[in-house]
Structures are given as C-alpha cells and as structure tokens.
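Peer 1: Please work out how this folds:
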Amino acid sequence: MLSKKETSMILEKLHANWPDKTIPKIKNIKAYEIEKDKKLLVHEDNFTAVQIDETILPYLGNNNLVELFPYVLIDMGAVKYICNGANIARPGIIKFESFLKNKIVIVKDKEHQKSLAVGISLYDSEEAIELSKGHIINNMHYVGDKFWNLYKGLQI
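Peer 2: Below is the predicted model of the structure:
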C-alpha cells in the first residue's frame, strides 16, 4: 500500500498527462513492483495503471478507462509484432484519432477494435499522418507483457 504522500504524487502526475474525466478520486493505491521502476498500480474502485519510471499509463484490461484516450487502428498484420513489444510504425497504422506529441495513445486492431497496446506518441497525429515510414508510438504496455500477466494472476 502506498502512503498518502505517494498516492498524492501519482494523482498529480495523472492530472498532468491524463484527460480530467479519467482521474479517479482515490486515497489509497496498492503498488506491485515488477522490476526496478516498473509498477502495477491498483485500487479496488476499478482503477488500474502501469507506472514505468515517471510515466503512468492506463492498464489495458481496464476497458472503461482505456476508451477515454485517443487511439490508432493498426492492420491485422502488425498485431503479432505489437503484442511482442514492437513500437508502432507508420505503415501499420490505418486510422488516426487526434492526439498530441508525447501523449498517451491506445493501439487497437482493425478487425475487432480490441486494445492491444498503450504508448507515448512521438509525433502529433497531424504530423504522423503525413509520414510514410518510421515509429509513431513508443510501445510501453501491451497484451501479454509482465504487467498484463501480473494483473491476471492477482485475486482482485
């Protein structure tokens, strides 16, 4: 269980990077450390997040939360690579929602529109649309990674 001070610091980081409607009103957060500077943050009121260094991302299994962030759709050929941790490159992206550089973006597959990964944008969406190659989103959390598996193993 994180202290009130640590919880307040996390909420401050959320206010800086997350849409206001996504930020919960919580007092206590449990942190499960996976590796140095990598934690799964959990609160019983349906709030789960991933912390990597100072960056806090929504946990992919929390669909209600993930749906509040901008996304890109990728072609089905890119799914296997994304779910193995590859960064999201321009050729695989077939649809963009509007987002800014250095912001949280969800990656969904074209066919089922399931959330597969969450990362940080390397460009504004308007810039990225004009590109024909290169990485657009830094993949930080994806289906099947250590955060995903840890949460699936917890009895919450």
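
Peer 1: measure the residue nearest in space to the middle of the chain to Lys133 for me?
Peer 2: Among the residues of the chain, the one closest to the centroid is Val118, at 3.2 Å (CA atoms, centre = their mean). According to CB to CB, to the nearest Å, Val118 and Lys133 sit 22 Å apart. Heads up, the C-betas are built off the backbone N, CA and C, glycines and all.

Peer 1: and what of Val105?
Peer 2: Applying CB to CB, the value for Val105 to Lys133 is 18 Å.

Peer 1: Check Ser125 too.
Peer 2: 16 Å.

Peer 1: cool, Ile56 as well?
Peer 2: Ile56 is 30 Å from Lys133, where distance means CB to CB.

Peer 1: before we move on, what about Leu154?
Peer 2: Distance of Leu154 to Lys133, computed by CB to CB: 40 Å.

Peer 1: Those two - which one has more neighbours?
Peer 2: Set side by side, Leu154 and Lys133 show more neighbours around Leu154, with 11 against 8, by other CB atoms under 10 Å.

Peer 1: pretty sure Tyr123 belongs to a strand, no?
Peer 2: No - with DSSP: H, G, I helix; E, B strand; the rest coil as the criterion, Tyr123 is assigned coil and is not in a strand.

Peer 1: So Leu11 lies in a strand, does it not?
Peer 2: No - under three-state DSSP, Leu11 sits outside any strand and is assigned helix.

Peer 1: pLDDT score for it?
Peer 2: Here, the pLDDT recorded for Leu11 equals 86.

Peer 1: okay, now the domains of this protein?
Peer 2: 4-65+146-153, 68-142 (automatic domain parsing).

Peer 1: what about the closest residue to Pro58 other than its chain neighbours, how many neighbours?
Peer 2: Excluding the flanking residues, the one nearest Pro58 by CB to CB, 6 or more residues apart in numbering is Leu65, at 4.6 Å. Counted by other CB under 10 Å, the residues lying close to Leu65 total 19.
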